[in-house]
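Student: I'll drop the sequence and a predicted model, then ask my questions.
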Amino acid sequence: MAGTVSLDSGLLNQLSFALQSGIKLYKTVQSFQTQSHSALSLLEELDDLNGILNSFTEAIGAPTDVELSALRLPLLRCGNACTEFEEEVLKCLSRSGGNLTNFQDWANLRYMGDDIYGFRQLLDRYKSTINIARIDANLHKSSVTAGDLEIYRDLSKNAANNIQTHLQYIDKKLETRMRVALDAEEIRLLKEEQTSSRKSLEICAQFSDHIDQIEPIPEPPEALHEYKSSLNITTAKLESFMKDRIDQLVEKSKTGTVSEEDVTNIQRLQESLGAIYQSARILSGAGTSLKENISTIENYATGDALQLAVSTSGKVIRGKNSGLGWRAWQVGGHMSDVTVQVIVRNALRRGISSVPDDGVYGVNSELVFKERYGPGHKMTAGNTAET
């Protein structure tokens with residue numbers, strides 16, 4: 001979305017800090033040149049986060065009425081989390097001998113008591129919060145359609161639900177800390193995260209309130225439909241004018257005062273109407289042909305998804321991909337059948353491949369189950385459920 005926003009120096013510094021910390025962590029993880037599914041997924045998440053932070057940074061400029069002070073703590077926590085997780089990665093590297101290419105300890109990394117999957121989810125919540133604040137700021141200077149507003153409502157709702165679930169998880173952790181082995185540093189981080197999550201919910205609520213106050217602009221009309229309407233109006237005016245001239249001609253004929261000029265004018269009107277009728281027929285045929293040669297595609301997803309809006313036959317594409325999932329793939333344009341097959345195959349390979357205990361692509365793994373479905377308990381053949 002185009003537009004610029006104005007931030008005070010403190011908020012700008014925190015935004016810059018979060019971006020630099022995210023870039024630094026990305027480069028550190030990338031330097032391992034690993035095929036670990038956990039590490040590659042973390043790189044994807046960091047790439048998305050850094051992209052949004054960079055977009056926000058580039059949008060800074062003209063003043064805006066939006067209140068962004070609630071974003072201070074989430075930005076600070078985002079930057080600190082990236083810095084602190086990088087320190088944990090380097091500690092693990094040191095304990096394993098310092099060999100970047102042979103590092104296989106991704107599954108054992110911990111931050112605030114959670115593993116690398118939990119850390120990725122933490123980054124995803126920061127990303128959602130920052131993105132909502134960025135969109136909210138730009139909405140004060142932009143015009144949007146009703147369809148856009150519906151997408152933003154879904155975005156806000158999903159982000160708020162995600163953050164609320166995370167906040168409940170943090171609350172429960174702090175309530176049970178006497179029974180859980182949490183050190184003073186972990187408790188401090190959890191309390192900061194608790195406050196940051198509440199600020200994130202404030203940002204989502206502010207965004208929702210703003211959306212409800214926006215008057216959407218009409219959807220842009222189709223060019224063909226607009227021209228057809230204009231042609232119909234012109235035709236109606238000419239037909240009315242010709243009727244008046246014919247009525248005048250009839251009256252004159254009763255008195256024998258019809259001139260050659262009157263006849264010529266009627267002929268010109270008939271020619272004009274004939275040309276317009278021909279244009280209308282051409283336009284009608286063009287509309288039918290256009291409909292037959294347009295592929296209309298509207299994809300919407302809230303979870304992991306591969307969204308394709310492509311044409312392999314040369315047809316015109318009219319549509320959009322809307323995805324709110326943290327690993328949604330979106331592809332659009334004109335391409336060959338082979339290219340589409342390669343894209344789908346690569347997407348399925350990245351999304352479905354199982355990961356072994358060492359975190360490297362391979363066969364059966366408890367880690368890939370946890371990354372897809374969360375923590376659980378493996379049942380054996382002899383286990384039975386108690387009721």
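Tutor: In hand now; what should we look at?
Student: for the stretch 201-350 of the chain, which spans come out with low pLDDT?
Tutor: For the stretch 201-350 of the chain, the stretches with pLDDT under 70 are 219-232, 234-256, 258, 273, 276-338, 340, 347-350.
Student: Now with 50, please.
Tutor: Low-confidence segments of the stretch 201-350 of the chain, defined by pLDDT under 50, span residues 289-293, 325-326.
Student: do the stretch 1-150 of the chain as well
Tutor: Along the stretch 1-150 of the chain, the parts satisfying pLDDT under 50 run over 1-5, 62.
Student: how about a cut-off of 90?
Tutor: 1-13, 32-37, 54-70, 92-108, 112-114, 134-150 (pLDDT under 90).
Student: how about the helices in it?
Tutor: Under the criterion DSSP state H, counting those that start in this stretch, helices of the stretch 1-150 of the chain are mapped to 9-30, 37-58, 72-95, 116-139, 146-175.
Student: Of all these, which one is nearest residue 109?
Tutor: The minimum distance between residue 109 and those falls on helix 116-139, with 4.9 Å, by CB to CB. (C-beta placed from N, C-alpha, C; glycine too.)
Student: Hmm, residue 209 and residue 153 touching each other?
Tutor: No - using CB atoms under 8 Å as the test, residue 153 is too far from residue 209 to be in contact (11.5 Å).
Student: who's more crowded, the two?
Tutor: Remark: of residue 153 and residue 209, residue 153 carries more neighbours, 14 against 11, as counted by other CB atoms under 10 Å.
Student: what's the closest residue to that one other than its chain neighbours in contact with, if anything?
Tutor: Spatial nearest neighbour of residue 153, excluding adjacent residues (CB to CB, 6 or more residues apart in numbering): residue 211 at 5.9 Å. By CB atoms under 8 Å, 6 or more residues apart in numbering, the contact set of residue 211 is 139, 149, 152, 153, 156.
Student: next one: residue 106
Tutor: With CB under 8 Å, 6+ apart, residue 106 has these contacts: 34, 36, 38, 39, 116, 359.
Student: For the residues you listed, which two are the farthest from each other?
Tutor: Farthest pair in these, by CB to CB: 34 and 116, 12.0 Å.
Student: In terms of neighbours, single out the busier of the two.
Tutor: Legend: neighbour count by other CB under 10 Å for residue 34 and residue 116, higher for residue 116 (25 against 20).
Student: Give me the domain ranges for the protein.
Tutor: Per automatic domain parsing, the structural domains of the chain span 9-213, 223-292, 294-373.
Student: and the closest residue to residue 119 other than its chain neighbours, how many neighbours does it have?
Tutor: Leaving out its chain neighbours, the residue that sits closest to residue 119 by CB to CB, 6+ apart is residue 111, at 4.9 Å. When counting by other CB under 10 Å, one arrives at 18 neighbours for residue 111.
Student: list the contacts for residue 111?
Tutor: Applying CB under 8 Å, 6+ apart to residue 111 gives the contacts 81, 84, 85, 88, 118, 119, 122.
Student: Redo the residues you listed as TSV? Include distance to residue 263 and neighbour count.
Tutor: As requested, those are exported to TSV (distance: CB to CB, whole Å; neighbours: other CB atoms under 10 Å):
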residue	distance to residue 263	neighbour count
81	87	24
84	93	16
85	90	24
88	95	15
118	89	18
119	88	22
122	85	22
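Student: Reformat the helices of the stretch 1-150 of the chain as a markdown table; add distance to residue 184.
Tutor: Shown next, in a markdown table, are these (distance: least, CB to CB, whole Å):
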| stretch | distance to residue 184 |
| --- | --- |
| helix 9-30 | 23 |
| helix 37-58 | 27 |
| helix 72-95 | 15 |
| helix 116-139 | 20 |
| helix 146-175 | 13 |
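Student: Give the stretch among the ones you listed with the greatest mean number of neighbours.
Tutor: Of all those, helix 116-139 has the most neighbours on average by mean count of other CB atoms under 10 Å, namely a mean of 22.
Student: which other helices and strands contact it?
Tutor: Using 3 or more CB pairs under 8 Å, 6 or more residues apart in numbering; DSSP states H and E, the elements in contact with helix 116-139 are helix 37-58, helix 72-95, helix 146-175, helix 184-213.
Student: Which of those sits closest to residue 268?
Tutor: For residue 268, the closest of the helices and strands packed on helix 116-139 is helix 146-175, at 46.2 Å, according to CB to CB.
Student: Quick one: work out the angle between the closest one and helix 184-213.
Tutor: Put simply, helix 146-175 runs at 160 degrees to helix 184-213, going by axes from the mean of the first three to the mean of the last three CA atoms, to 10 degrees.
Student: Next, the angle helix 116-139 makes with helix 146-175.
Tutor: On the basis of the same axes, to 10 degrees, helix 146-175 is oriented at 140 degrees to helix 116-139.
Student: what about the residue lying closest to residue 112 once chain neighbours are set aside, neighbour count?
Tutor: Nearest residue to residue 112, sequence neighbours excluded (CB to CB, 6+ apart): residue 189, at 5.1 Å. Other residues lying near residue 189 total 20 when counted by other CB under 10 Å.
Student: Now do residue 189 against residue 92, distance only.
Tutor: Distance, residue 189 to residue 92, by CB to CB, to the nearest Å: 18 Å.
Student: and what of residue 168?
Tutor: For residue 168, the distance to residue 92 - CB to CB - is 30 Å.
Student: cool, and residue 167?
Tutor: From residue 167 to residue 92 the distance is 29 Å (CB to CB).
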